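Q: what follows is a protein structure lacking sequence information:
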Ligand code: 0O2
């Protein structure tokens, strides 16, 4: 009996669910979704490249990289559906495109908080970027302790015969902010935690967020002090170079034909004068 039922079931599936008509219908519906997701992947590439270019330029100009790493993702279909339900968005690609603004996500991990604002400004200055929304959770952290700078931007992608504006969510954060957010995000998925523990853990996470913010601040101060020291040393070296050149020029003008030994003596006396000047320079300070 079971065998007969199975055969009937199989025949029905083949004739109805796997018919050419049904497969055509599935393809017709899947294609626009695949195209839709591909557009978001292209938008991610555009924004990621912009950050890579800024990083490269910064590294040439200041001899350091403001970006530690860049992570990108296209939101999963499951994630999009959850957001549609949460926000009661109509079930059409147009409505999703309009209302789900984080389908394309680019996360930029920076070394210091100042780099975040520098990079955000540089991106927003570009004439093909339109700012849709900005949320500064660094200046105004979430009650959970979450800190990051969020930008929803629109960037054009250039297709065969079309220029298409696409929305991308950019999250900029430091390594410390990212460490905290990744861990906290993982903990959000842990189930069966008793109410009393939830309260304790939330307080702990808030405290950790505070510590990580203070760590960012202190590291930035250390960086700035180091930069100032390096600048002062650079200024002194430049001063030294100028003095040395001036002394050589002066001594050379006062001497005609010099032997090798005399030239060496001249260089040494220039160095001595330079040391004297340098010491006085420090004493004057
Ligand atoms: P996922 O899995 O990271 O994509 P909206 O985006 O406007 O619909 P909302 O909540 O107003 O919703 O946006 P918001 O506040 O800008 O946050 C969007 C994203 O920021 C979240 O995406 C998280 O990635 C991150 N985020 C916000 N708050 C927290 C937080 O308290 N902890 C952590 N770890 N991350 C946070 P999704 O869609 O929630 O999830």
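A: It's in. Quick caveat, the model's predicted, so the values are computed rather than measured.
Q: how much space separates residue 188 from residue 205?
A: When CB to CB, to the nearest Å is applied, the distance between residue 188 and residue 205 equals 10 Å. In this view, the C-beta of every residue, glycine as well, is placed from N, C-alpha and C.
Q: more neighbours, these two?
A: For residue 188 versus residue 205, neighbours defined as other CB atoms under 10 Å are more numerous around residue 205 (17 against 8).
Q: so after the helix or strand where residue 11 lies, what's the next helix or strand?
A: Remark: residue 11 resides in helix 2-12, with elements defined by DSSP states H and E. With elements assigned by DSSP H and E, the helix or strand that comes after helix 2-12 is helix 20-62.
Q: so is that next one next to the ligand?
A: No. Contact of helix 20-62 with the ligand is not found when judged by CB under 6 Å from any ligand atom; the minimum separation is 13.1 Å.
Q: what about the residue lying closest to residue 93 once chain neighbours are set aside, how many neighbours?
A: Spatial nearest neighbour of residue 93, excluding adjacent residues (CB to CB, 6 or more residues apart in numbering): residue 36 at 5.5 Å. The burial count assigned to residue 36 is 14, neighbours taken as other CB under 10 Å.
Q: repeat that for residue 30.
A: Close neighbours of residue 30, defined as other CB under 10 Å, add up to 10.
Q: same question, residue 43
A: Using other CB under 10 Å, the number of residues around residue 43 comes to 24.
Q: for it, what are its contacts?
A: Counting by CB atoms under 8 Å, 6 or more residues apart in numbering, residue 43 makes contact with 104, 155, 157, 166, 167, 168.
Q: ok, which pair from the residues you listed is furthest apart?
A: Among these, the pair separated by the greatest distance (CB to CB) is 157 and 167, at 11.2 Å.
Q: the more surrounded of these two?
A: The residue with more neighbours, out of residue 157 and residue 167, is residue 167; 21 against 18, by other CB under 10 Å.
Q: give me the secondary structure label for that one.
A: With DSSP: H, G, I helix; E, B strand; the rest coil as the basis, the three-state label of residue 167 is strand.
Q: can you pull the contacts of it?
A: The contact partners of residue 167, by CB under 8 Å, 6+ apart, come to 43, 97, 101, 103, 104, 132, 152, 153, 154.
Q: what mean pLDDT does the helix holding residue 11 get?
A: Per-residue confidence for helix 2-12 averages out to 79 on the pLDDT scale.
Q: and for stretch 45-64?
A: In the prediction, stretch 45-64 has an average pLDDT of 93.
Q: residue boundaries of the strands in the stretch 51-200 of the chain?
A: 67-74, 104-110, 130-136, 149-158, 163-174 (DSSP state E, counting those that start in this stretch).
Q: would you mind finding the most buried of these?
A: Between the strands of the stretch 51-200 of the chain, strand 104-110 has the highest mean count of neighbours, a mean of 23, where neighbours are mean count of other CB atoms under 10 Å.
Q: follow-up on the earlier one: surely the residue nearest to residue 93 and residue 92 touch.
A: No. Counting by CB atoms under 8 Å, residue 36 stays clear of residue 92, with 11.0 Å between them.
Q: shared neighbours of the two, anything?
A: Contact with both residue 36 and residue 92 is made by no residue, according to CB under 8 Å, 6+ apart.
Q: who in this structure is up against the ligand?
A: Proximity of the chain to the ligand, by CB under 6 Å from any ligand atom, involves residues 79, 83, 102, 135, 142, 144, 146, 150, 181, 184, 185.
Q: top of the residues you listed by neighbour count?
A: Among the residues of the chain next to the ligand, residue 181 has more neighbours than the rest - 21 neighbours, counting by other CB under 10 Å.
Q: identify the residues contacting it.
A: So residue 181 contacts 146, 147, 148, 173 (CB under 8 Å, 6+ apart).
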